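Colleague: Predicted model and sequence follow; I will ask about them next.
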Amino acid sequence: MRILVTIMLLLLIAKPSCSQTPYMDSLKIQLLSNSTGDTQRVLSLASLAGNMSYLRPDSAMLYAEEGLNLARKIGFAKGEMHCKSSLGTIMWIVGEYSQANELFLQTLKFAKSINDQAWQIRIYRSLSANNRDQGNFEDALKYSFGASELAKSGEQLRGELALCYLETGSIYQEMGKSDSALSYLQRVKLPKNINVGYTGFKYLMMGLAYAKKGNDTLALEYYKNCITALVGTNNYKDAATAFNSIAKHYMKEGKIDSSIYYAKKGFDVAQNGSFKKGVFETSLLLSNIYEKRDARIALNYFRIATAAKDSMFNLQKTTRFLNAQFNQQMRQQEDEANKASYRNEIRIYALLGALGFFLLLAIILYRNNRHKQKAKIEIEKAYEHLKTTQSQLIQSEKMASLGELTAGIAHEIQNPLNFVNNFSEVNKELLTEMNQEIDKANFDQVKSIAIDVIENQQKINDHGKRADAIVKNMLQHSRSSSGKKEPTNINALAHEYLKLAYHGLRAKDNGFNASMETDFDRTIGNINIIPQDIGRVILNLITNAFYAVTEKKKQGSDGYEPLVTVSTKKLDGKVEIKVADNGNGIPPKVLDKIFQPFFTTKPTGQGTGLGLSLSYDIVKAHGGEIKVDSVERKGTLFTVFIPCNY
């Protein structure tokens with residue numbers, strides 16, 4: 001009976017309300033007093049914090065922390081994670097994105113350990129929303145798609161799929177991709193028993209998407225329809241965005257009084273909900289509106305906006321956010337990396353041992369005068385083994401570079417394939433709807449749907465051609481070199497390998513990030529080279545540059561921003577290709593050894609020591625040269641000179 005009373009009280013507290021009353025406070029007291037045992041009290045505190053997060057985040061945070069402390073005291077791991085999940089939601093709402101990200105990642109790890117798929121879906125959506133509001137759209141889509149795949153894995157999870165589509169649509173809307181946003185939002189069929197706040201959020205996202213497409217009238221209609229649902233469920237976060245959007249609409253029409261009215265409404269609800277991002281956006285809008293009316297008021301709102309922005313996006317919070325993502329990836333890959341490192345170390349020692357053995361055998365056979373003929377045969381065999389071993393090492397290095405390319409290409413091809421799948425599903429739904437309209441003889445609607453199907457089919461065709469082009473490029477790069485020179489656009493080659501190297505490293509380590517700059521001489525035109533070979537040289541230099549800046553980033557240097565620069569220039573009958581980084585540089589004592597076979601500055605197991613040696617041989621075979629300049633703690637510059645040979 002007590003459990004039933006607890007559930008009913010939770011439902012009463014979750015009911016939308018615009019203000020906090022003594023009656024609601026008494027319900028909280030009764031809820032907590034009816035919690036039987038410490039574990040039930042922890043779960044009640046977590047639920048209470050979650051339900052109050054939009055209404056009173058400060059009070060909700062106190063309940064979540066109380067539950068967290070109690071859970072730790074009694075060793076209740078599941079209750080601790082429920083409290084952390086609620087606390088993460090609160091941090092996201094008030095704009096503490098880095099703390100929210102850490103809490104969600106901890107909760108996700110626990111949900112995976114107990115194989116709770118429904119909980120995993122909710123945490124994936126939370127991580128997606130948190131990354132979306134931070135502007136980290138690539139990771140936001142990754143988490144959103146992950147939630148969708150889980151929701152499709154079982155019938156009992158299908159109810160979550162609509163919320164996953166809603167989240168994906170909101171991300172594309174924030175990215176400015178209105179067509180993609182609307183394709184997902186139109187597929188959202190929310191159950192009747194779901195919180196109306198989700199309906200309000202859907203209308204808000206559709207309004208923003210239509211506004212970006214230039215349909216301001218329809219956008220305004222969606223804005224006004226969403227406000228009742230959002231305010232009624234105490235969703236100050238999204239209500240502030242809705243009021244702000246209406247204010248921008250009226251400002252665009254020149255209706256300044258109406259714009260001020262709605263902007264102030266947005267400012268009030270954002271302040272009531274302690275929603276920092278909403279306070280920043282609405283106060284900045286009010287500052288712009290009042291700029292020509294009252295400079296004093298404009299300055300006051302600008303100060304409020306500045307304070308809100310500083311509290312959300314200071315360097316310490318951004319660093320914590322990135323470190324949380326990096327640590328999560330490192331924990332997942334640590335075991336695999338250790339095993340791979342051990343295997344590579346054993347392989348290198350075995351190859352070096354084989355080289356030493358064959359060399360010793362050759363010396364013994366050479367000095368054995370009593371068996372000259374036999375010695376000659378054995379030496380020839382040893383020589384062949386050495387050549388085979390060398391070929392295997394060279395092939396290993398080429399396969400390593402191919403692996404970098406493949407990872408980048410896989411990342412590149414995923415985007416067009418996602419679009420093909422998504423628009424195919426939308427066409428299936430549209431054709432089903434067309435059949436229904438044909439039965440109703442509603443041919444105007446049939447024509448409208450047919451137009452949508454044709455447009456979607458064109459997009460499928462475009463993205464299919466894009467995937468086909470990527471596959472052809474992959475085959476071009478993976479095939480063995482023909483040894484024949486051919487006219488090649490060196491700028492396009494360098495840019496393509498820069499992009500593939502970056503995505504290849506991102507595919508292996510989501511925490512990896514670096515700025516890239518290019519400066520290509522457009523007057524170069526085509527030059528005669530073996531594109532596969534020169535491509536391997538460029539890929540090796542760029543990959544080494546990314547490795548250097550990543551290692552320096554791990555050292556935690558204050559204010560350090562990783563940067564890799566690739567440039568080309570035509571001078572004196574030669575083409576100059578430069579790859580520079582601002583990493584730790586190469587120590588002077590080893591600078592003259594870097595082109596020697598098997599020499600590497602990387603830790604054991606992370607490199608064969610053949611990359612730069614092969615690059616040196618390839619450049620020499622083209623009649624060119626390769627140079628290196630490096631300053632410790634400042635960075636390294638590799639310069640490749642290749643004759644034009646038009």
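Modeller: Alright, I've got the coordinates. Note that this is a predicted model, so its numbers are computed, not measured.
Colleague: what bits of the stretch 251-400 of the chain have low per-residue confidence?
Modeller: 273, 311-342, 366-367, 370, 374-375, 382-383, 385-400 (pLDDT under 70).
Colleague: Give me the contact list for stretch 422-437.
Modeller: If you take CB atoms under 8 Å, 6 or more residues apart in numbering as the criterion, stretch 422-437 is touched by 180, 183-184, 186-187, 443, 445-446, 449-450, 452-453, 456-457, 459-460, 463. For every residue, glycine as well, the C-beta is placed using N, CA and C.
Colleague: Can you tell me which of the residues you listed end up in helices?
Modeller: Among these, the members falling in helices (DSSP state H) are 180, 183-184, 443, 445-446, 449-450, 452-453, 456-457, 459-460, 463.
Colleague: Of those, which pair is most distant in space?
Modeller: Looking at the ones in helices among the contacts of stretch 422-437 by CB to CB, the two members farthest from one another are F443 and H463, with 30.2 Å of separation.
Colleague: Give me the buried subset of the contacts of stretch 422-437.
Modeller: Applying a neighbour-count criterion of 16 or more other CB atoms under 10 Å, the buried members of these are 180, 183-184, 186-187, 446, 449, 452-453, 456, 459-460, 463.
Colleague: What is the burial count for I121?
Modeller: One way to gauge burial is a neighbour count; for I121, by other CB atoms under 10 Å, it gives 23.
Colleague: so which helix or strand takes in it?
Modeller: I121 is located in helix 117-134, with elements delineated by DSSP states H and E.
Colleague: can you pull the buried residues of the next helix or strand after that helix?
Modeller: Tracing the chain past helix 117-134, the next element assigned as helix or strand by DSSP H and E is helix 137-151. Neighbour-count burial for helix 137-151, counted by 16+ other CB under 10 Å, picks out 137, 139-148, 150-151.
Colleague: Looking at these, which is nearest I171?
Modeller: Within the buried residues of helix 137-151, the smallest distance to I171 is 4.9 Å, found for A140 (CB to CB).
Colleague: Measure how the one helix or strand T306 maps to sits relative to helix 117-134, angle-wise.
Modeller: When elements are defined using DSSP H and E, T306 is found to belong to helix 295-312. When axes from the mean of the first three to the mean of the last three CA atoms, to 10 degrees is applied, the directions of helix 295-312 and helix 117-134 differ by 140 degrees.
Colleague: And for helix 295-312, what's in contact with it?
Modeller: Residues lying outside helix 295-312 but in contact with it, judged by CB under 8 Å, 6+ apart, are 95-97, 276-277, 279-281, 283-284, 286-291.
Colleague: now, the most widely separated pair of those?
Modeller: In those, the most distant members under the criterion CB to CB are E96 and E291, with 30.2 Å between them.
Colleague: Compare neighbour counts for these two and give me the winner.
Modeller: The neighbour comparison of E96 against E291 (other CB under 10 Å) goes to E96, with 22 against 14.
Colleague: one step back: let's test this: mean pLDDT of the helix holding I121, rounded?
Modeller: With pLDDT averaged residue by residue, helix 117-134 scores 90.
Colleague: Taking helix 137-151 as reference, get the angle to that helix.
Modeller: What separates the directions of helix 117-134 and helix 137-151 is an angle of 160 degrees, with the same axes, to 10 degrees.
Colleague: Export helix 117-134 to PDB, keeping only CA atoms.
Modeller: In PDB, the C-alpha atoms belonging to helix 117-134 read as follows (Å, rounded to 0.1, in the frame of the first residue of the first chain):
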ATOM      1  CA  GLN A 117      18.600  -0.900 -22.700                       C
ATOM      2  CA  ALA A 118      15.700   1.500 -21.900                       C
ATOM      3  CA  TRP A 119      18.000   3.400 -19.500                       C
ATOM      4  CA  GLN A 120      20.800   3.400 -22.100                       C
ATOM      5  CA  ILE A 121      18.400   5.000 -24.600                       C
ATOM      6  CA  ARG A 122      17.500   7.800 -22.200                       C
ATOM      7  CA  ILE A 123      21.100   8.500 -21.300                       C
ATOM      8  CA  TYR A 124      22.100   8.500 -25.000                       C
ATOM      9  CA  ARG A 125      19.400  11.100 -25.700                       C
ATOM     10  CA  SER A 126      20.600  13.200 -22.700                       C
ATOM     11  CA  LEU A 127      24.200  13.100 -24.000                       C
ATOM     12  CA  SER A 128      22.900  14.000 -27.500                       C
ATOM     13  CA  ALA A 129      21.000  17.000 -26.100                       C
ATOM     14  CA  ASN A 130      24.000  18.200 -24.000                       C
ATOM     15  CA  ASN A 131      26.400  18.000 -26.900                       C
ATOM     16  CA  ARG A 132      23.800  19.700 -29.200                       C
ATOM     17  CA  ASP A 133      23.500  22.700 -26.800                       C
ATOM     18  CA  GLN A 134      27.300  22.900 -26.600                       C
END
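Colleague: packing partners for it?
Modeller: Helix 117-134 is packed against helix 77-94, helix 97-113, helix 137-151, helix 161-174, with contacts defined by 3 or more CB pairs under 8 Å, 6 or more residues apart in numbering; DSSP states H and E.
Colleague: wait, which of those helices is closest to I377?
Modeller: helix 137-151 (59.5 Å).
Colleague: angle of the closest one against helix 161-174?
Modeller: Relative orientation of helix 137-151 versus helix 161-174 (the same axes, to 10 degrees): 170 degrees.
Colleague: Would you mind getting the angle between helix 137-151 and helix 97-113?
Modeller: 30 degrees.
Colleague: which other residues reach helix 137-151?
Modeller: Counting by CB under 8 Å, 6+ apart, the neighbours of helix 137-151 from elsewhere in the structure are 117, 120-121, 124-125, 127-129, 131-132, 157-158, 160-161, 164-165, 167-168, 171, 174-175, 325, 418, 510.
Colleague: Check the residue positioned nearest the centre of the chain and give its pLDDT.
Modeller: Note on the chain: the residue nearest the mean C-alpha position is D139, at 2.8 Å, using CA atoms, centre = their mean. D139 is assigned a predicted lDDT (pLDDT) of 92.
Colleague: For it, give its distance to N101.
Modeller: From D139 over to N101 the distance is 10 Å, taken as CB to CB, to the nearest Å.
Colleague: Take the buried residues of helix 137-151 and lay them out in JSON lines including distance to Y63.
Modeller: Conversion of the buried residues of helix 137-151 to JSON lines gives the following (distance: CB to CB, whole Å):
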{"residue": "F137", "distance to Y63": "32"}
{"residue": "D139", "distance to Y63": "29"}
{"residue": "A140", "distance to Y63": "28"}
{"residue": "L141", "distance to Y63": "33"}
{"residue": "K142", "distance to Y63": "31"}
{"residue": "Y143", "distance to Y63": "26"}
{"residue": "S144", "distance to Y63": "29"}
{"residue": "F145", "distance to Y63": "33"}
{"residue": "G146", "distance to Y63": "29"}
{"residue": "A147", "distance to Y63": "27"}
{"residue": "S148", "distance to Y63": "32"}
{"residue": "L150", "distance to Y63": "29"}
{"residue": "A151", "distance to Y63": "29"}
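Colleague: Kindly confirm my reading that E517 is in a strand.
Modeller: Yes: the assignment for E517 (DSSP: H, G, I helix; E, B strand; the rest coil) places it in a strand.
Colleague: Hmm, it is touching L563, no?
Modeller: Yes: counting by CB atoms under 8 Å, E517 does reach L563; the two are 6.7 Å apart.
Colleague: returning to what we had before: now the helix holding T306: buried residues?
Modeller: When burial is assessed from 16+ other CB under 10 Å, helix 295-312 yields the following buried residues: 298, 301-302, 304-305, 308-309, 312.
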